[in-house]
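Novice: Generate a structure from the sequence data that follows.
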Amino acid sequence: MKRLFIFILFICINLEAQQILPERQRAEVIDNILKDRFNNLLPKLMDDTGFDMWILISREYNEDPVLKTMLPATWLNARRRTILVFYRNKEQDTIEKLAVARYNFGENIISAWDKEKEPNQWKRLTEIIEERNPESIGLNYSESFNICDGIVKTDYDAFMNNLPEKYKAKVMSAEQLAIGWIETRTETEMIIYNQLVDITHDIIAEAFSERVITPGITTTTDVEWWMRDKVTALGLETWFHPTVDVQRTAEELGNHLYAFSNRPEDMVILPGDLLHCDFGITYLRLNTDCQELAYVLKPNEAEPPEYLQNALKDGNRVQDIFTSNFRTGKTGNEVLKESLEQGKAKGLRPAIYTHPLGTYGHSSGTTIGMWDSQGGVPVNGDYPLHENTVYAIELNTTVTIPEWKRDIRIMLEEAGFWSENGFRYVNGRQTKLLTIPRVKGHQGN
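Specialist: Modelled structure (predicted):
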């Protein structure tokens, strides 16, 4: 663990230059985080959800999304058929981590199958189950949470066909346990998360600057691909293609879908434009998701017009109303309803579509609205908020701009962390418009 924190310190010290860990050091960080999660987080999650055995089954290139987050750093995929068994003995306070596979599952999970002694993999799995005689067996199937629905029909059928009859009634959906594994962040992960979001902010700040944008020449598509190239040059990845769009006096406000698809490509960026981007990176198996705004200064302008600065403040007001309603145990639909009602009561026109964020960009956990479901989201929105979870605080507010004779939409998104200490942004939020060219005092966050 000492080396892990040295690597994290390395990230912190070199962040201004956007130094990224070499692959070998990334692997050590990832494996150490997994060790901590298996030994310290998983037993608590199993106790909280009432499972004493959790079985995950995957085949190469067709991985269970949960099992994929458990892969050793040097494994890019499962091998052959990989079966993981976690057994929790609460009385003895132990957690067994077994791989019914031909190989050790990295250094954290040992192989428990000697094919020479028992050629049949399913029979060996059955032996392990019978030796431990669990009270409940969790499998990853779920109707509503896609990440928790990882067992394929072939493996489910084979498992149930080989399982002794007396255990079949003990098999249950591990949906709650799988969500807990996916959504819960450890202390070490949150130290790293801060750096990820800071790197994300830095890339956006550079993209929305005179270093990348020459008004009258550069297009929105140019900026999108610059962001992709920047990420690649840093040795990182994106989990979705970046988007950049424009709002200006000559354009009418489109519907919400405009922000996600059907945007005109190759729009030439001009002075007076309000730019918006949606951008996220993947690093050390965590993901970011960020939306920020920039204004292209006209000749002789030293700052964005006051009406646009005030519009951003309205967006920040919606954020404050929204995050003030976070409470452990409250459902996403409850938070959504309260926040929309309070925002509208204050004369705002908000829309909220916040999603869990972590090992996946659109992760598992509570969904707090969708852009086309402002009345609540069935099932996923009924899932309660848990502590030590990260969310993409994604929302917008519509603002009338008399000077432009139209409405604009202030679209914002930042990573936020919910814990026993309340809500905080992982690495700040945008409270000032970025400017092109950059003007001192308008740095965005």
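Novice: what helices or strands is whichever strand or helix holds Ile393 leaning on?
Specialist: Using DSSP states H and E, Ile393 maps to strand 389-401. Packing partners of strand 389-401 (3 or more Cβ pairs under 8 Å, 6 or more residues apart in numbering; DSSP states H and E): helix 306-324, strand 350-352, strand 355-356, strand 406-419. In this view, the C-beta of every residue, glycine as well, is placed from N, C-alpha and C.
Novice: How far does that strand sit from its chain's centre?
Specialist: Offset of strand 389-401 from its chain centre (Cα atoms, centre = their mean, to the nearest Å): 16 Å.
Novice: Going forward, count from 17.
Specialist: That works, and once the first residue is 17, the last one we named lands at strand 405-417.
Novice: I'd say Leu72 and Ile99 touch.
Specialist: Yes - judged on Cβ atoms under 8 Å, Leu72 makes contact with Ile99 at a distance of 7.2 Å.
Novice: where are the low-confidence patches of this protein?
Specialist: Where the chain drops to pLDDT under 70, the residues are 17-34, 93, 268-279, 456-461.
Novice: what residues are up against the residue nearest the centre of it?
Specialist: A centroid search over the chain (Cα atoms, centre = their mean) returns Leu373, at 2.3 Å, as the residue closest to the centre. Going by Cβ atoms under 8 Å, 6 or more residues apart in numbering, Leu373 touches Asn303, Thr304, Asp305, Ser379, Val406, Tyr407, Ala408, Ala431.
Novice: Output those residues as a markdown table; include the columns neighbour count and distance to Ala43.
Specialist: Formatted as a markdown table, the contacts of Leu373 follow (neighbours: other Cβ atoms under 10 Å; distance: Cβ to Cβ, whole Å):
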| residue | neighbour count | distance to Ala43 |
| --- | --- | --- |
| Asn303 | 26 | 18 |
| Thr304 | 28 | 21 |
| Asp305 | 25 | 25 |
| Ser379 | 23 | 23 |
| Val406 | 28 | 23 |
| Tyr407 | 28 | 28 |
| Ala408 | 25 | 27 |
| Ala431 | 26 | 24 |
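Novice: ok, so of those, who is nearest Lys139?
Specialist: Lowest distance from Lys139 to those (Cβ to Cβ) belongs to Ser379, with 35.8 Å.
Novice: Chain neighbours aside, what residue packs nearest to that closest one?
Specialist: The shortest distance from Ser379 to any non-neighbouring residue, by Cβ to Cβ, 6 or more residues apart in numbering, is to Pro372 (4.0 Å).
Novice: Quick one: neighbours of that neighbour, just the number.
Specialist: Counted with other Cβ atoms under 10 Å, residues neighbouring Pro372 total 27.
Novice: Likewise for Leu92?
Specialist: 10.
Novice: ok, it to Tyr77 distance?
Specialist: Distance of Leu92 to Tyr77, computed by Cβ to Cβ, to the nearest Å: 10 Å.
Novice: ditto for Ile153
Specialist: On the measure of Cβ to Cβ, Ile153 and Tyr77 end up 26 Å apart.
Novice: The two: which has the busier surroundings?
Specialist: Ile153 (22 against 8).
Novice: Contact partners for the more buried one?
Specialist: Phe67, Met69, Trp70, Ile71, Ile145, Tyr183, Lys186, Val187, Met188.
Novice: Check those against Gln263 and report the nearest one.
Specialist: Trp70 (48.0 Å).
Novice: hang on, that closest one in a strand?
Specialist: Yes - residue state for Trp70 (DSSP: H, G, I helix; E, B strand; the rest coil) corresponds to a strand.
Novice: For beta bridges, what are the partners of it?
Specialist: Phe102, Gly154 (DSSP bridges).
Novice: how much space is there between it and Ala190?
Specialist: For Trp70, the distance to Ala190 - Cβ to Cβ - is 6 Å.
Novice: Residues in contact with both of these two, list them for me.
Specialist: Counting by Cβ under 8 Å, 6+ apart, the residues touching both Trp70 and Ala190 are Gly154.
Novice: And the two? Which one has more around it.
Specialist: Comparing Trp70 with Ala190 by other Cβ under 10 Å, the one with more neighbours is Ala190, at 28 against 25.
Novice: That one reaches Phe67, doesn't it?
Specialist: Yes - with contact defined as Cβ under 8 Å, Ala190 reaches Phe67; the gap is 6.4 Å.
Novice: between these two, what contacts are shared?
Specialist: Common neighbours of Ala190 and Phe67 (Cβ under 8 Å, 6+ apart) are Gly154.
Novice: just to revisit the earlier point, out of the contacts of Leu373, which comes closest to Glu132?
Specialist: The closest of those, once distances to Glu132 are taken by Cβ to Cβ, is Ser379, at 40.8 Å.
Novice: got the phi/psi numbers for the closest one?
Specialist: phi -90, psi -170 (degrees, to the nearest 10).
Novice: go on, Val284?
Specialist: Taking degrees, to the nearest 10 as the convention, Val284 sits at phi -70, psi 130.
Novice: quick one: buried residues of the helix or strand where Val351 lies?
Specialist: Per DSSP H and E, Val351 falls inside helix 348-361. Residues of helix 348-361 classed as buried by neighbour count (16 or more other Cβ atoms under 10 Å): Gly348, Asn349, Glu350, Val351, Leu352, Lys353, Glu354, Ser355, Leu356, Gln358, Gly359.
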